[in-house]
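Participant: with the sequence up front, the predicted model follows.
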Amino acid sequence: MTALVLRGLRKSFGGLPATDDVALEIQRGERRLIIGPNGAGKTTLFNLISGDLKPDAGSVLLFGEEVAHLRPDQRAQRGLARTYQIITLFPRSTLVENIVLALMGLSPLRWHCWHRLAARRELYDRARAVLERVGLAHLASRRVADVSYGEKRRVEIAMALAQQPRLLLLDEPLAGLSAEERRSVQDLLEAIPRDISIVMIEHDMDTALAFAEKITVLHYGKVIVEGDRAHVVAHPRTREVYLGA
Amino acid sequence: MGFWITQSLNSLALGGLLFILSAGFSLIFGLMRIANLSHGAYFMLGAYVGLTLLQRGVNFWLAALAAGAAIAILGGLVERIVLRQLAGRTLSQVLATLGIAFIIADACLWIWSGDPIPLTGPASLRGAVPVLGTHFPLYRLGVIGIAAVIALALWLLVEKTRIGAMIRAGVDDLDMARAVGIPVKALFTAVFCLGSALAGLGGVIAGPILSVYPGLDADMLPLALVVVILGGVGSLGGAVLGSIVIGFIYTFGNALLPDLAYVILFLPMVIVLVARPRGLFGRIAT
Amino acid sequence: MRYAPSIAALAALLALPFALGNDYYVNLASQVLIAAIFAMSLNLLVGYGGMTSLGHAAYLGVGAYATAWLTLRLGLGPLGAGAAALAITTLMAGFYGVLALRASGLGFLMITLALGQILWGLAYRWVGVTGGDNGLSGLARPAPLGIDITGARPFYFFALAVFAVAFALVALFVRSPFGASLQGARDQPRRMRALGYNVWMIRWITFVLAGFWGAVAGVLYVYYNNFISPHALSLTQSAEVLLMVIAGGAATLTGPVVGAALVVVMKNVVSAYVERWTLLLGVVFVLIVMFLPDGLVPGVQRLYARWRTRP
């Protein structure tokens, strides 16, 4: 079964098509990279997949189920997780508290208003385990505002992994990172098991091209080239779009 | 027949007053994104200042203009000292204007005490005139005229002058306006002064009809809000339209269904906001 | 022990009427408790939920009017009237919540203002039901468990009991998983949705709970005053309780209590010495908004922390 199918997806903002008749298929366990010059509509596409935006036309099939009309939280309940280009963590809470929120999102526990959250030790233990996976367990009690940018990016990924998703959308996970930080995030991403399918937007070509198996190139909201690394890099339209841009 | 004509004229007069009140509110809201919760208080203070001047024998029109000027100065001070310090924090600015409304309201109570006082209108507009078969107070007709003149003056300002162009640019896209070199800070102060002046002026003009009393501010503020929500934030044409519509709804509502007058007044506002939460013209920040 | 400060506070509040002596001050303390419950209810929305409302007086007012009307016009006993009033107001909050949550930020502020004004207008004009400007009077205080609470001191203990329960439940709510998700939705609604939280439902439930506790304050309010008038539903009332929350410290448990005490004390005690207490309150509020935007409680906590770590 395919993880994600997009068909005839369209979204315009006041006459300008940000997403123009996009069709895409992500197989289970795939590592897909979406690239394109600035303004190509990559984040808009992600927003359409995650439900932050409603499409003007087209369908979004998540593991065979049509979800175009569903809210973002409903799609998260169906195995979707994403990170954002801008850090959207809870700065005044500790790292472990951030992960606890991520763990609760898919649990009926989140509706309980009659007992203290802090008393749920097992939740905090699980959160620490998630932080361990991304190498941040030593910062568990530190506030998000007090950790480095690279560490914040890793927390974002940790939050998404905590949801135990089946499809993971990563919006520029390497943006703004130093070489060393990039390497640690890269290792993290490569360690993600194959039962999670990954779609990534990235500008850092070296890292991303190494990671991805299949690449989709967007330009003005349309898919212009698609294929494996060699195919895309050699394609004349890719060069045109990047050099001309 | 006489009833309909009288009430329609009353509606237009009320609409005129509401326009003078809400034009300022709309400009401030549209440009600075601040819902100025002290706008009703400026209206009331203007009326009180006008009253004092009238009691000293000043000519009505001069008193009205002087009151407008006084409130403009107050508004400018508030903008510079308080609101500018809170730039970028819209909610804090709105809360600050709430606090200032409390201050002004109490100051008025202190200075002018608690009795409602009607303002005496100008001698030139005293009495009633025959209109379409009924008699109608000349002053109220005058109010319609004054409101029309002010509307025209504002339209000329906004559409035909450089400063008007700057205001329109700022209402449309503030960041862009800054980028092209429009002195946004000074513009904010100027618009706040203008809005406050209109409120103060409006208070004096409304004085002979509404009187001035403690609580006038809390009565007028929601009306300005309704007009602006209905007519669109930052739009003068919208303020005209909204004022007339609300003038009619309130006057006829009061006359025909007095028990439900307030419901009829605020229901359109609720309906508009529920149907289009960003306001009729999409300018309310969410 | 974690509960030590709460127990100390409770003990102090229990001892308060004996320390104050004079009935006037005991009544004042009751007023503070009622205002504190009212402010705590709004704080759920404003502080923890991030939804600033200028129409919260609606719930105090409807709770009060319903209690009075059911007792005076339908002859219901206090338990029945109180329970029915709470139910009616909570249902109304549910309906109002659906309307108000169509917007957020300034739009939410304005819808809540308008909805509050509609109710105020009804209370003012629908003279047949609400008594208009004169309101409804002649409501006798109930006798819970047979205890007569017409006296200042007994009523105070009654109000304190309700306050203690309210405070404990609100504290539990704020520290619960739901409370955490509410605060998460306040800070990063998009992130919360991506994590699987139904942000609208979280906000709506909070809106209803805020209305419920506002109604509780309303029932106490009408029994304290033996009377209810449209003023309780006015914009001024909604503004005043918002002031209490912001000044005391939104998003803290004790902030609204401090804010309530500040406003009630200024209104009654300070006004004996300083005639223009509203003006003073307005100035204090503007100063807090400008220089202590988190409110008095967090501001004082910060100053205290800084004082403790001084070199």
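Facilitator: Happy to help now that I have it. What you are looking at is a predicted structure, and each value in this text was computed from that prediction instead of being measured.
Participant: list the buried residues for the helix-or-strand element of chain A with minimal mean pLDDT?
Facilitator: Counting by mean pLDDT, DSSP states H and E, the weakest-scoring helix or strand in chain A turns out to be helix A:205-211, with a mean of 74. Residues of helix A:205-211 classed as buried: A:207, A:208, A:211 (neighbour count, 16 or more other Cβ atoms under 10 Å in any protein chain shown). All C-beta atoms are positioned from the backbone trio N, CA, C, and that covers glycine.
Participant: format those residues as CSV; extra columns: distance to residue B:133.
Facilitator: Formatted as CSV, those follow (distance: Cβ to Cβ, whole Å):
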residue, distance to residue B:133
A:207, 85
A:208, 82
A:211, 85
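Participant: what is the nearest of the residues you listed to residue C:105?
Facilitator: residue A:208 (37.0 Å; Cβ to Cβ).
Participant: my guess is that closest one meets residue A:34, correct?
Facilitator: No: checked against Cβ atoms under 8 Å, the pair residue A:208 and residue A:34 is beyond contact range at 9.5 Å.
Participant: so what sits against both of the two?
Facilitator: Common neighbours of residue A:208 and residue A:34 (criterion: Cβ atoms under 8 Å, 6 or more residues apart in numbering or on different chains): residue A:200.
Participant: whichever helix or strand comes after the least confident helix or strand of chain A pairs with which strands, parallel or anti?
Facilitator: Once helix A:205-211 ends, the next helix or strand along the chain (criterion: DSSP states H and E) is strand A:214-219. Strand A:214-219 pairs in its sheet with strand A:31-35 (parallel), strand A:222-227 (antiparallel), by DSSP bridges.
Participant: and the strands in the stretch 201-311 of chain C?
Facilitator: C:227-228 (DSSP state E, counting those that start in this stretch).
Participant: and chain A, by the same measure?
Facilitator: A:2-13, A:16-27, A:31-35, A:57-62, A:65-66, A:80-82, A:167-171, A:197-201, A:214-219, A:222-227 (DSSP state E).
Participant: tell me which of the ones you listed is the most buried.
Facilitator: With neighbours defined as mean count of other Cβ atoms under 10 Å in any protein chain shown, the strands of chain A peak in mean count at strand A:80-82, which reaches a mean of 28.
Participant: who are the packing partners of that strand?
Facilitator: helix A:42-50, helix A:149-162, strand A:167-171 (3 or more Cβ pairs under 8 Å, 6 or more residues apart in numbering or on different chains; DSSP states H and E).
Participant: tell me what the longest one is packed against?
Facilitator: Secondary-structure packing of helix A:149-162 (3+ Cβ pairs under 8 Å, 6+ apart): strand A:80-82, helix A:95-104, helix A:121-133, strand A:167-171, helix A:179-191.
Participant: is chain C contacted by the second one?
Facilitator: Yes: using Cβ under 8 Å from any Cβ of the partner chain, helix A:95-104 reaches chain C at A:97, A:100, A:101, A:102, A:104.
Participant: buried set for that helix?
Facilitator: Those would be A:95, A:96, A:97, A:98, A:99, A:100, A:101, A:102, A:103, A:104, for helix A:95-104 by 16+ other Cβ under 10 Å.
Participant: leaving out chain neighbours, which residue sits closest to residue A:202?
Facilitator: Leaving aside its sequence neighbours, residue A:202 sits nearest to residue A:208 (Cβ to Cβ, 6 or more residues apart in numbering or on different chains; 3.8 Å).
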